[in-house]
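>>> Predicted model follows, preceded by the sequence.
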Amino acid sequence: MAAPTAPASRAWSTGRVKAMAGAVLLALAGCASGPASAVAAPPGETALQKSLFAAGVQRFTFDGWAGPAFPVWIFRPAGAGADAPVLFVFHGVQRDADNYMNQWIDLARRNNIVLIVPEYSRSAFPGVESYSHGWFAEKDGAPRPRAQWSFATVEPIFVAIKRREGLSAETYSVYGHSGGAQFVHRYVLSGGGPHLARAVSANAGSYAAIDPAVRWPFGLAGLPAGMWDPQKAFAVPMLVLLGTEDNDPDHKSLPRQPEAMAQGAHRLARGKNFYSRASAYAAAGSHAFGWSCGLVPGVAHDNAGMAGDAIAFLFGDARIEPGRACQRVR
């Protein structure tokens, strides 16, 4: 991914000291090419947010890229040393980063993982196109600069947090559920970032099918020139993770565009079809294929129900062989 070219600045709000006139701001000098400045993030107002801050979660407003500023949540467990692994978790269509943080915090603590949950707020990223689809173009079709794609947010956040926390990790992993899974698999298809190590796309509602005849975001047609590189995209160790009970054709948030409906009646079918088509495309083109497909038994459309198996694949001893048909993870 191209680095932002505009001067960058960022500020942090810990959220733990609301009573002290708002928040404690920590400038991240040197995290990008521009100077650091202080921009207060909104304080925690809900009971959930207050409990997260009390548990050591921090929230900051990030503006260290070429697009709009937006909140990011971070949790570093007490046992996470400088060499701790880093995981991005991407929320769904509700933009509920705090809820995703809450569902992942115990897993992060038990595994000493630095957890990053960007909050792609509707004010900064209006509409699904500007978040899960990459934001390649404006509503009128005018192309956006590469440094302003939503996919261009990930690497600058990683660099900023590494420097702020004094981390030595050379790579990060990504996990997304539902709308976040749409972001993750499309991020991988776009080539990801230079420091991306592993990915999990869990229970996406629709996919960018590996089909050059179908337009993005449901296929590969219309992508910015030179972006689709099958050798690079298929090399990423990505797990397409599917709940075996995520098979409700009437689910309230299931995408229903004609292109999405053509992918299958429900999320389980769509995920299987996406993976099968990608595997066949890679084989036909003699591309090395690093993707795998896992089935989580008894789980429906539930981020918390998928998280444990995702973390076992990303950082544990779970081994799901790439290229094989979808298989149960346990």
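Noted; the coordinates are in hand.

>>> thought Ala152 was touching Gly134?
No: here Ala152 does not reach Gly134: they are 9.1 Å apart, not a contact under Cβ atoms under 8 Å. C-beta: built from backbone N, CA, C; applies to glycine.

>>> Between those two, which contacts overlap?
Overlap of the contact sets of Ala152 and Gly134 (by Cβ atoms under 8 Å, 6 or more residues apart in numbering) is empty.

>>> which residue is nearest the centroid of the chain?
What sits nearest the mean C-alpha location of the chain, by Cα atoms, centre = their mean, is Phe90, with 3.7 Å.

>>> Give me the phi and psi for that residue.
Note on Phe90: backbone dihedrals following degrees, to the nearest 10 are phi -110, psi 120.

>>> swap in Phe70?
Dihedral angles (degrees, to the nearest 10) for Phe70: phi -160, psi 160.

>>> What count of nearby residues applies to Arg146?
Using other Cβ atoms under 10 Å, Arg146 has 18 other residues around it.

>>> Let me fix that, I meant to ask about Val117.
28.

>>> Bridged to it, which residues?
Trp73 (DSSP bridges).

>>> pretty sure it contacts Pro71?
No: counting by Cβ under 8 Å, Val117 stays clear of Pro71, with 9.3 Å between them.

>>> pLDDT below threshold where in the stretch 1-150 of the chain?
1-44 (pLDDT under 70).

>>> these two touch, right, Arg59 and Phe70?
No: counting by Cβ under 8 Å, Arg59 does not reach Phe70; the two are 11.0 Å apart.

>>> Now do the buried residues in stretch 110-124.
Buried residues in stretch 110-124, counting neighbours by 16 or more other Cβ atoms under 10 Å, are found at 111-121, 124.

>>> Can I get the residues you listed in CSV including secondary structure and distance to Lys139?
What follows is the buried residues of stretch 110-124, written out as CSV (DSSP: H, G, I helix; E, B strand; the rest coil; distance: Cβ to Cβ, whole Å):
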residue, secondary structure, distance to Lys139
Asn111, helix, 41
Asn112, coil, 43
Ile113, coil, 37
Val114, strand, 36
Leu115, strand, 33
Ile116, strand, 29
Val117, strand, 27
Pro118, strand, 22
Glu119, coil, 22
Tyr120, coil, 17
Ser121, coil, 18
Ala124, coil, 15
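
>>> can you pull out the strands in the stretch 201-330 of the chain?
If DSSP state E, counting those that start in this stretch is used as the criterion, the strands of the stretch 201-330 of the chain fall at 238-243, 292-296, 327-328.

>>> Show residues contacting the last one.
Yep, that's strand 327-328 we're talking about. 244, 293-297, 320-321.

>>> What distance do you get for Val296 to Leu242?
7 Å (Cβ to Cβ, to the nearest Å).

>>> These two: who's more crowded?
Higher neighbour count among Val296 and Leu242: Leu242, with 29 against 24, using other Cβ under 10 Å.

>>> Excluding chain neighbours, give the residue nearest to that one in space.
Using Cβ to Cβ, 6 or more residues apart in numbering and skipping the chain neighbours, the partner closest in space to Leu242 is Gly271 (4.3 Å).

>>> do you know how far the one you found is from Gly205?
From Gly271 to Gly205 the distance is 10 Å (Cβ to Cβ).

>>> Pick out whichever of the two has more residues nearby.
Counted by other Cβ under 10 Å, Gly271 and Gly205 do not tie: Gly271 has more neighbours, with 29 against 25.

>>> buried residues in the longest helix anywhere in the chain?
Longest helix in the chain by number of residues (criterion: DSSP state H): helix 267-284. Across helix 267-284, burial judged by 16+ other Cβ under 10 Å covers 267-268, 270-272, 274-275, 278-279, 281-282.

>>> Turn these into a markdown table, including pLDDT and distance to His301.
A markdown table is the format used below for these (pLDDT from 0 to 100; distance: Cβ to Cβ, whole Å):
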| residue | pLDDT | distance to His301 |
| --- | --- | --- |
| Arg267 | 98 | 7 |
| Leu268 | 98 | 10 |
| Arg270 | 98 | 12 |
| Gly271 | 98 | 12 |
| Lys272 | 98 | 15 |
| Phe274 | 98 | 16 |
| Tyr275 | 98 | 18 |
| Ala278 | 98 | 22 |
| Ser279 | 97 | 24 |
| Tyr281 | 97 | 27 |
| Ala282 | 97 | 28 |
